[in-house]
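A.B. asks: Below are the sequence and a predicted model for it; my questions follow.
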Amino acid sequence: QVQLVESGGGLVQAGGSLRLSCAPSERTFSNYAMSWFRQAPGKEREFVAAISRSGSTTYYADSVKGRFTISRGNSRNTVYLQMNSLKPEDTAVYYCAAGLINSGNYYYLRSYDYWGQGTQVTISS
């Protein structure tokens, strides 16, 4: 089964930084829109950031705008999430997702066909 594999999670203090990576275990997702979602305990999974199929446009949740940056690798098959100025409320499991999205639907879980297993990010105060 095709999977997206996340890495880079961990435990850091508030104000610190982490860089998450997401790469496919098989096939290529260079033509897919890629996104990051997160889910905190007891809460629904929420949109964090997305990058368009071309890589030319990015989208962010208001809660992370200015602190997080999503990008694609040179092969466009890997996606990164650089997270700076981390806060305790950023603590969650972070999931990578891929979908053939053309416009407007980056924020919705149903837009994505492939998901990773998640990586834990914990921010201590």
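C.D. replies: Thanks, I have it.
A.B. asks: in stretch 117-125, what's buried?
C.D. replies: 118-119, 121, 123 (16 or more other CB atoms under 10 Å). Just so you know, the C-beta spots here come from the backbone N, C-alpha and C atoms, and that holds for glycine as well.
A.B. asks: Widest-spaced pair of those?
C.D. replies: The largest separation in these, counting by CB to CB, is between Gly118 and Ile123 at 16.1 Å.
A.B. asks: returning to that earlier point: nearest to Gln39 among the buried residues of stretch 117-125?
C.D. replies: Nearest to Gln39 among these: Gly118, at 7.7 Å, using CB to CB.
A.B. asks: For the residue lying closest to that closest one once chain neighbours are set aside, give me its contacts.
C.D. replies: Taking CB to CB, 6 or more residues apart in numbering, and ignoring the residues beside it in sequence, Gly118 has Val93 as its nearest neighbour in space, at 4.2 Å. Contacts for Val93 (CB atoms under 8 Å, 6 or more residues apart in numbering) come out as 38-40, 118-121.
A.B. asks: Closest one of these to Glu46?
C.D. replies: Closest approach between the contacts of Val93 and Glu46, by CB to CB: Arg38, at 6.1 Å.
A.B. asks: Show me where the protein has its helices.
C.D. replies: For the chain, applying DSSP state H gives no helices.
A.B. asks: bridging residues for the residue nearest to Gly118?
C.D. replies: With DSSP bridges as the criterion, Val93 is bridged to Gln39, Gln120.
A.B. asks: In contact with the residue positioned nearest the centre of the chain, which residues?
C.D. replies: Nearest to the mean C-alpha position of the chain, by CA atoms, centre = their mean, lies Trp36 at 2.0 Å. Trp36 sits next to 20, 22, 48-50, 70, 79, 81, 94-97 when contact means CB under 8 Å, 6+ apart.
A.B. asks: out of the residues you listed, which one sits closest to Arg110?
C.D. replies: Ala97 (10.7 Å).
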